[in-house]
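> 3D, please:
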Amino acid sequence: MIGKLTGVIEPLSPGEALLDVGGVGYEVRVPLYLSLEPGARTTLFIYTVVRDDAIDLYGFASRADMAFFKQLMTVSSIGPKTALSIMSVSDIVTLKRHIAAGDATALTKIFGIGKKSAERIVVELKDKVAPDAGVAAGGSDIIDALLSLGYSAEEARRALKHVPMGETREQLQAALKYLGTPS
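Sure thing, here's the model as predicted:
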């Protein structure tokens, strides 16, 4: 089983990358929020799925991301592709907050999964997840505000990473300032 790969990244399409490790190219499915720079040396933690007709690799920037991916797959009827697509739509902290709060309605509205699947995720994971303390307080509020202003989930998460700790209003102003500057 492959646990971690380090190599040069070549994005293929959204959600997929080719990781060149010593001349061997591994096609890896990755969450959409993962910023992959072409030609950059990257380490991905790998979850391997072996099926009769294929071997699929799922790559994550951290062990924590991979652990949450595995938690999602413990829910009945949630496989690796569905788990990855759930993780690709919102940041993990927000997902965990909704699950811990028992907010299945928010999951269906925000993350595009059906009502039954959302309820199943909440029931089966509510007591197992805890939002990460490492994200600035109010991060979920800032992401929600940016989404309501028309920014994509990826843009909102990227901006949140560049926002210092502080009051929600100050964080939102800093995020908007960050998003207003050319990359």
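
> domains in the chain, by residue range?
According to automatic domain parsing, the chain comprises the domains 4-60, 63-125, 139-180.

> which stretch in the ones you listed has the least confidence?
Mean pLDDT per stretch puts domain 139-180 lowest among these, at a mean of 79.

> contacts only, for the spatially most distant residue from the centre of the chain.
For the chain, the residue at maximal distance from the C-alpha centroid (Cα atoms, centre = their mean) is residue 23, at 28.2 Å. Neighbour list for residue 23: empty [criterion: Cβ atoms under 8 Å, 6 or more residues apart in numbering]. C-beta coordinates here come from the backbone N, C-alpha and C atoms, glycine included.

> and what of residue 74?
Residue 74 neighbours (Cβ under 8 Å, 6+ apart): 124, 125.

> and it, how far from residue 116?
17 Å (Cβ to Cβ, to the nearest Å).

> from residue 162, how far off is the closest residue to residue 114 other than its chain neighbours?
Excluding its sequence neighbours, the residue lying closest to residue 114 (Cβ to Cβ, 6 or more residues apart in numbering) is residue 108, at 6.8 Å. As judged by Cβ to Cβ, residue 108 and residue 162 stand 30 Å apart.

> more neighbours, those two?
Ranked by neighbour count (other Cβ atoms under 10 Å), residue 108 and residue 162 place residue 108 first, with 16 against 12.

> quick check: that one is in a helix.
Yes: under DSSP: H, G, I helix; E, B strand; the rest coil, residue 108 sits within a helix.

> against residue 47, how distant is it?
Applying Cβ to Cβ to residue 108 and residue 47 gives a distance of 26 Å.

> ok, residue 145 next?
Counting by Cβ to Cβ, the gap from residue 145 to residue 47 is 32 Å.

> next: residue 56.
9 Å.

> residue contacts, residue 127?
Contacts of residue 127 by Cβ under 8 Å, 6+ apart: none found.
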